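1. Sequence below, structure please.
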Amino acid sequence: MRRLRLFWFFLLIAIIITGCSNTLPVSCPPNCNGYDLSGNDLNDQFLTEANFSKSKMHNVNLQNSNLSGARLIETDLENANLNNAIFIGANLSFANLQNTHLDGVSFNGANMRGVELDRVNLISAKMRGVHLQEAALCGTDLNGVDLSGTEMEYANLCGAILIGAKLDGAKLSFANFSGANLQKASITGSILNLTDLKGTDMTQVDASGSMFFGANLTASILRNAKLTGANFIGANLSGVDLRDANLLGATLTIPKPDYATDDFSYQILSGNDLKTALMTTSLRKPLEDEHIASFTEVRIKPLLNDANLQGVIYNDQTIWPIDFIIPKFAIKQK
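-> Reported below is the predicted structural model:
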């Protein structure tokens, strides 16, 4: 009888231990599609090309693991530990990375379209060439992060911190940077067509050669900014602070074809005539943006105007384009 009791006692203990363990399903990894892996310890694992798509991975420990080329589409990684993990070339599209630990993580070249990253800390993350279209990055700390060549069209970065960040050559059309902090950031040669930059602090930003076609920069701060060669056609710069800014070579007035007469207007053109006229000017580049190329004439014509400089603030140190006539409604301050 005693032996029977001991047998049942140890069997019960074994069942309890088994039920509490974080065992992985058979064949997972590499195929973990759709599993609940919450709480599992996958620290320092070689998980390249593994499939974790649509899996629930709350509180998973992936610290120091290599997930290069892995699939994590729509994966829920809330509160996971991704410190020093490698996701080079991985697909994390529409994944949930809220409250994740991301110290030293490498996302270089990863597909992170539609990923949820609101208010996380990415200051030590590696993110060159990342695809972040439609990503949620409101309030996210990207202070000093290298985002060169990143594709971030339609991403939401409202209130994000990008002080000293590198966005050179980035595609940022239709993104929302309203209220973001871009002080001393470098966005040279970037595409910001129809981007929302309302109330953005861009003090000392270097945006040389960037395109702001149709962008909304209302009440933004561009003090001591380098804007040489930038294109602001159709952009709204009303109330913008341009004190000490350098706009040498910037395009603020809409260019016209060489054959244009004094009464020329794009508004009376249509079809091939309009397209031909636009393609012979410096407007060709912004209009070749894949997100604008499909615009109908009804949508494109309202953007074919000089930059709106109503109430713009400047001083004696502001450098304007050669032969540019400062509008009377601009406000001169010290």
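
2. Strands along the stretch 201-334 of the chain, start to end?
-> Here the stretch 201-334 of the chain has its strands, by DSSP state E, counting those that start in this stretch, at 313-314, 331-332.

3. Tell me which of these lies nearest to Leu147.
-> Leu147 lies closest, by CB to CB, to one member of the strands of the stretch 201-334 of the chain: strand 313-314, at 28.9 Å. Yep, even glycine has a C-beta here, placed from its N, CA and C like the rest.

4. Can you name every helix or strand that the closest one contacts?
-> strand 331-332 (3 or more CB pairs under 8 Å, 6 or more residues apart in numbering; DSSP states H and E).

5. hmm, back to that, could you tell me the least trusted of the strands of the stretch 201-334 of the chain?
-> Across the strands of the stretch 201-334 of the chain, strand 331-332 has the smallest mean pLDDT, namely a mean of 94.

6. Sheet partners, orientation included, of that strand?
-> In the sheet, strand 331-332 lines up against strand 313-314 (parallel) (DSSP bridges).

7. Where does the prediction get shaky in the protein?
-> 1-23 (pLDDT under 70).

8. change it to 80
-> Applying pLDDT under 80 to the chain picks out residues 1-24.

9. show me where it has helices.
-> 2-20, 271-279, 284-287, 297-300 (DSSP state H).

10. returning to that earlier point: could you dump the strands of the stretch 201-334 of the chain to JSON lines with distance to Leu278?
-> JSON lines is the format used below for the strands of the stretch 201-334 of the chain (distance: least, CB to CB, whole Å):
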{"stretch": "strand 313-314", "distance to Leu278": "29"}
{"stretch": "strand 331-332", "distance to Leu278": "32"}
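
11. Single out the most deeply packed of those.
-> Most buried of those by mean neighbour count (mean count of other CB atoms under 10 Å) is strand 313-314; its value is a mean of 20.

12. List of residues touching it?
-> Residues from elsewhere that reach strand 313-314, judged by CB atoms under 8 Å, 6 or more residues apart in numbering: Gly239, Val240, Asp241, Leu242, Arg243, Ala245, Trp320, Ile326, Ala330, Ile331, Lys332, Gln333.

13. Looks like Ala207 contacts Gly229 (just checking).
-> No. Applying CB atoms under 8 Å, one finds Ala207 not in contact with Gly229, separated by 9.3 Å.

14. Those two - which one has more neighbours?
-> The neighbour comparison of Ala207 against Gly229 (other CB atoms under 10 Å) goes to Ala207, with 27 against 17.

15. which one is the more buried one nearest to, not counting chain neighbours?
-> Leaving out its chain neighbours, the residue that sits closest to Ala207 by CB to CB, 6 or more residues apart in numbering is Ile187, at 4.9 Å.

16. Pull the contacting residues for the one you found.
-> Counting by CB under 8 Å, 6+ apart, Ile187 makes contact with Leu167, Asp168, Ala170, Leu172, Val205, Asp206, Ala207, Ser210.

17. same thing with Gly311?
-> By CB under 8 Å, 6+ apart, the residues touching Gly311 are Ser238, Gly239, Phe329, Ala330, Ile331.

18. if you set the cut-off to 10 Å instead, what comes out?
-> Thr218, Ala219, Leu237, Ser238, Gly239, Val240, Pro327, Phe329, Ala330, Ile331 (CB atoms under 10 Å, 6 or more residues apart in numbering).
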